Structures are given as structure tokens and as C-alpha cells.
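[1] when you get a sec, could you give me coordinates for this:
(chains A and B)
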Amino acid sequence: MHFSITAGLKAVIEGLPYILGGVWVTLVVVVGALFMGLVLGTLLSIAHVYGNRVLRGLTGLYVWFFRGVPLLVLLFLFYFGLLGALHLDLSPFFVSIVVLGLISSAYQSQILRGAILSIPEGQLKAARAIGMSDTKAITFIILPQAFRLAIPGWSNEYTIIMKNSAVTYALGVAEIMARANHVAARTYQHFWLYLLAGFIFLILTYAGTKLLGLLQKRVAIKGYAR
Amino acid sequence: MSEFLFLRNEVAPAMIRGVWMSIKLIVPSAVFGLVIGIITGTLRVYGHAVLKSVANIYVTLFRGFPLLVQLYLWYFGLARFGIYFSPYTAAVIGFSLCSGAYHSEYIRGALLSIKEGQMLGAQSLGFSKTQALFSIILPQAVRRALPGCGNELIYLIKYSSLAYMVTCIELTGEAKILASLYFKYMELFLIAGAIYLFLVSIATWILNHVEGWLAVPGFEPPRT
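    Numbering: from 1, shown residues only, chains lettered A, B, ... in the order given. Okay, here's the model as predicted:
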């Protein structure tokens, strides 16, 4: 039984450039999914808060489905099931972004829904009273405030997606985890390489939450503390 | 008719096996996770300085690493040091330690939200610090932490699917194997997804009621 840290360190140092290349893949997957989740989630939350009963029921069903089914099952369902049934040929990379984005949209819609509901109802009424249409009032009065309030929730959502993105390795996306595995298969230093992958994820989540904290300070409206 | 026979002879037994395995993964992990979470959370608030920082490092690492990385470390990584876990053991250890770290955050928050005066009051009545902690502070804190811990349990149900990645064949694994065998991916993953949805919905319903059952009458009514 080899118990040498030097061999592990050697594998880590040699594999580092290759594994760090996966950071870009991970970041594109995460940012893509977050962005897709933001766009869809915003629409869903508006439909859920201001929509009629049918819309509310449909968005509720959507959120229930995507929050209740595990990521791995959804990845397999979309990649092996749906693409096969539709005779589509899309890359695992693309499917991963879509699936993570769909799941994230369900969570983000709930984050934003909470933010919208926390804005006093009187604001919408006042906007209507000075002649704004519903759409205008929501776009220019409610959403700008709700987005600011939702930043801490998003920061959480970012860390969750970042960590979940490791699961896309199951479809063969060449992100950090997959690359750590490639190097481990060659050098047999599984422990040290997975540890390295873990720390890269730790740094990425930490940096991301710091950046979002800065963003929150930056977009805060002066003298309008909440 | 052949579809029905396929469902009855192939799908149903596999799914039942899978669900049973998933439950065998989820229940012990949930219990160990909660115990680890309560101990760690308490240490992080009331522990000795050294224990406190050890607990903090544990929580940072286990919340910061993706669960998949943790499972791989337990199952494939530790083999380097001659420690061989079965897929099942590795999965339960991974789930317990990861959800323990998350639970400890909720417990810690709840402990901090209990007024300091309660500890002082208990001590002035002659309780030792440990006694006060176990019979005054923790019973209240655990109740307050329930919504958060409940969410974590729901996550655990969904993350139990990752056990498939360390070759512990549970619901997702059974579905994957059968799907590759008969090339019926769509159907089998929809069934597996529906079962997970069912499990999650039942757990949500139970957790919503647990808050009510555990509520002390006339004291902090649970949010509805």
C-alpha cells in the first residue's frame, strides 16, 4: 500500500492545468443556467403573483415538478429520453445547461415571488392611480425593487447550482469533476484529485457569493434602505 | 398486452427494489444527519474554542464541496489509504455528513435566536450549563429549526439519487439499468421521476404537520 503524499502532490500539480481548464466549462454551465433560470423564473413569478387561476395552477405545477424530481433523473430523462423520442442530437453540455436552467427557474421564481410579495401592495395601486398600465407598473416600479431584494436568495441559488453542476459529469460534460476523474484514472491518485476538485468548487462558490454581495451594495438605492 | 406484462414483470419489481433501497439510504442518513447537525450546531454556539473552530471547518468543507465530490472521496478516494467502503456505506456516510453540515447551520441559527436571558435564568435556578442546554435551550431551538431542517430532508430525498454514481443501485440506478436494457429511457425515467415526486410530496406533507404536532400549546404557535 502506497501511502505517499508526494505522489499525490505530483499528480495534483501535473493535472492542475487540465483540471483548471474545466473551470471555464463549469462557469459557462453555471452562468448559462442561472441566466436561463432568471429569465424563465421572472416570467413564472409574475405569472404566479399576478396571473389568473389557470396560470397560477400551471406555474405551481411546473415548480412542483422541477423542485421535486432529482437533477440526475432529469438529466437522464432529457438527454436519453426526450432527445431520443424527439430524434434530436444535442450535446450533453447544452442539455446540462437547459436542465439546470429549468430547475433553477423553478427555484428562482419562488425567490422572486417572495421578493415581489414583500413590496407593499400600495405601490402597485399608486402606480395605477397615476395612470401607469399594469405591465408598466410591474416593469418599472415593482420588478426593479424585487430584483434588488432577491439578490441574497440568488446568492444561495448560485452556490447550489455551482455544486449541482458537478452532477453533469454523469452525462460526460468535461467540467472540473470529469477532468479530475480523467487525471485520477491515469495516476490512481483519486483522493488528492477529488480533494483538489472540491477546493476548486469551494473557491468558486466563495468568490461568487462575494461578487454578488458587492453587486448588492452597488445597486442599492441610496437613502432607500430596506 | 405486452406493455402490461413488461410493466408487471420487469418494471414493477425493479421499481419496488429501487424505492426500498432509496428508503434504506434516506432514513439512516436523515437520522444520522440530524444527530450530527444538532451536535455540531450546539458546539458551534456553546462549544469550547477549539471544538468550535473544528466544527466550523467541518461545516465550511462539507457545505462547500459538491455532494458528488464528497461521495467520490468516500468511495473511490479513501481506497488509496486501504479504507474500502461498500457503495451503500459510502453513500450513507456521504449523505449523513453532508446533511449534518447543513442541519448544523439551521440549529445554530435557532440557538442564536433563543434569548440569552434563558440560559442565565436557568443557571440562576441552579441548572448546570449542560442541563440548561438539554432541557431548556435545545427543545426550543430544535422546534424553531424545523422548517429549515425539513427543507434539508427534502433535499436529501432528491440527492439520494446520487448514490447511483457510486454504484449503489437505488431507484435511479434500477431505472437506468432497465432503460438501457429495453431502450425505454423516456418511460422509465418518467416513472422514476414520478416516484421521487411522490416521495417528496409525502415528506413535505408530513413535515408540515410535524411542526403542528411538536408545537407546545400556547407557546409560539407554528406558522401556517
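
[2] and the one helix or strand residue B:199 maps to, what does it pack against?
    Remark: residue B:199 resides in helix B:185-214, with elements defined by DSSP states H and E. Contacts defined by 3 or more CB pairs under 8 Å, 6 or more residues apart in numbering or on different chains; DSSP states H and E place helix B:185-214 against helix A:53-68, helix A:71-76, helix A:83-86, helix B:12-46, helix B:138-159, helix B:171-182. The way it works is simple: take the backbone N, C-alpha and C, and place the C-beta from them, glycine included.

[3] quick one: residues in contact with the last one.
    Taking CB atoms under 8 Å, 6 or more residues apart in numbering or on different chains as the criterion, the residues outside helix B:171-182 that touch it are A:70, A:72-73, A:76, A:80-81, B:6, B:10-11, B:14-15, B:17-19, B:21-22, B:160-161, B:163-164, B:167, B:169, B:184-185, B:187-189, B:191-192, B:195-196.

[4] quick one, what contacts the residue most central in space within chain B?
    With distances taken as CA atoms, centre = their mean, residue B:30 lies nearest the centre of chain B, 3.8 Å away. Residues in contact with residue B:30 (CB under 8 Å, 6+ apart) are B:99, B:153, B:156.

[5] what distance do you get for the last one to chain A?
    The gap separating residue B:156 from chain A is 11 Å, by CB to the nearest CB, to the nearest Å.

[6] burial measure for that residue, as a count.
    23 (other CB atoms under 10 Å in any protein chain shown).

[7] equivalent analysis for the first one, please.
    If you count neighbours by other CB under 10 Å, residue B:99 ends up with 25.

[8] so for it, what's the pLDDT?
    Here the pLDDT value assigned to residue B:99 is 95.

[9] assign it to helix, strand or coil.
    Under the three-state scheme (DSSP: H, G, I helix; E, B strand; the rest coil), residue B:99 adopts helix.

[10] that one and residue B:26, how far apart?
    Per CB to CB, to the nearest Å, residue B:99 is found 10 Å from residue B:26.

[11] joint contacts of those two?
    residue B:156.

[12] buried residues in stretch B:204-215?
    Within stretch B:204-215, the residues that count as buried by 16 or more other CB atoms under 10 Å in any protein chain shown are B:204, B:207, B:211.

[13] count the neighbours of the residue nearest to the second one when sequence neighbours are not counted for me.
    Spelled out, that is residue B:207. Of all residues not flanking residue B:207 in the chain, residue B:150 sits nearest, at 3.8 Å (CB to CB, 6 or more residues apart in numbering or on different chains). Counted by other CB under 10 Å, the residues lying close to residue B:150 total 18.

[14] and residue B:150, how close does it get to residue A:33?
    When residue B:150 is compared with residue A:33 (using CB to CB), they lie 26 Å apart.

[15] next: residue A:67.
    15 Å.

[16] so the two - more neighbours on which side?
    residue A:33 (27 against 17).

[17] can you list the weak-confidence ranges in chain B?
    B:1, B:220-224 (pLDDT under 70).

[18] which helix or strand in chain A has the lowest average pLDDT?
    Here the helix or strand of chain A ranked lowest by mean pLDDT, DSSP states H and E is helix A:83-86, holding a mean of 87.

[19] buried ones in it, by neighbour count?
    residue A:83.

[20] try stretch A:56-64
    Neighbour-count burial for stretch A:56-64 [16+ other CB under 10 Å]: A:59, A:62, A:63.

[21] only C-alpha atoms, please: export it in PDB.
    Presented in PDB, the C-alpha positions along stretch A:56-64 are these (Å, rounded to 0.1, in the frame of the first residue of the first chain):
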ATOM      1  CA  ARG A  56     -51.200  30.200 -11.200                       C
ATOM      2  CA  GLY A  57     -52.100  26.500 -11.200                       C
ATOM      3  CA  LEU A  58     -49.800  25.900 -14.200                       C
ATOM      4  CA  THR A  59     -46.800  27.700 -12.700                       C
ATOM      5  CA  GLY A  60     -47.500  25.800  -9.400                       C
ATOM      6  CA  LEU A  61     -47.400  22.500 -11.300                       C
ATOM      7  CA  TYR A  62     -44.200  23.500 -13.100                       C
ATOM      8  CA  VAL A  63     -42.500  24.500  -9.800                       C
ATOM      9  CA  TRP A  64     -43.700  21.300  -8.100                       C
END
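
[22] what average pLDDT does that stretch get?
    For stretch A:56-64, mean pLDDT is 95.

[23] contacts made by it with the rest, please.
    By CB under 8 Å, 6+ apart, the list of residues contacting stretch A:56-64 reads A:44, A:47, A:48, A:51, A:106, A:109, A:110, B:197, B:201.

[24] same question, stretch B:72-79
    A:177, A:181, A:184, A:190-191, A:194-195, A:198, B:65, B:84-85, B:87, B:90-91, B:93-94, B:165-167.

[25] let's see that with 6 Å instead.
    A:190, A:191, A:194, B:90, B:93, B:94, B:166 (CB atoms under 6 Å, 6 or more residues apart in numbering or on different chains).

[26] with respect to residue B:139, which of these is nearest?
    The nearest member of the contacts of stretch B:72-79 to residue B:139, counting by CB to CB, is residue B:93 at 28.7 Å.

[27] show me which positions of the helix or strand hosting residue A:199 end up buried.
    Using DSSP H and E, residue A:199 sits in helix A:190-219. Residues of helix A:190-219 classed as buried: A:190-198, A:200-202, A:204-205, A:208-209, A:212, A:216 (neighbour count, 16+ other CB under 10 Å).

[28] looks like residue B:211 contacts residue B:146 (just checking).
    Yes: Residue B:211 is in contact with residue B:146 according to CB atoms under 6 Å; the separation is 5.3 Å.

[29] now residue B:127, what's its secondary structure?
    Look at residue B:127: counting by three-state DSSP, its state is coil.

[30] mind checking the pLDDT average for the lengthiest helix in chain A?
    Counting residues, the longest helix found in chain A (DSSP state H) is helix A:5-50. Mean per-residue pLDDT for helix A:5-50: 92.

[31] now do it and helix A:53-68, the angle between them.
    Between helix A:5-50 and helix A:53-68, the angle comes out at 170 degrees (axes from the mean of the first three to the mean of the last three CA atoms, to 10 degrees).
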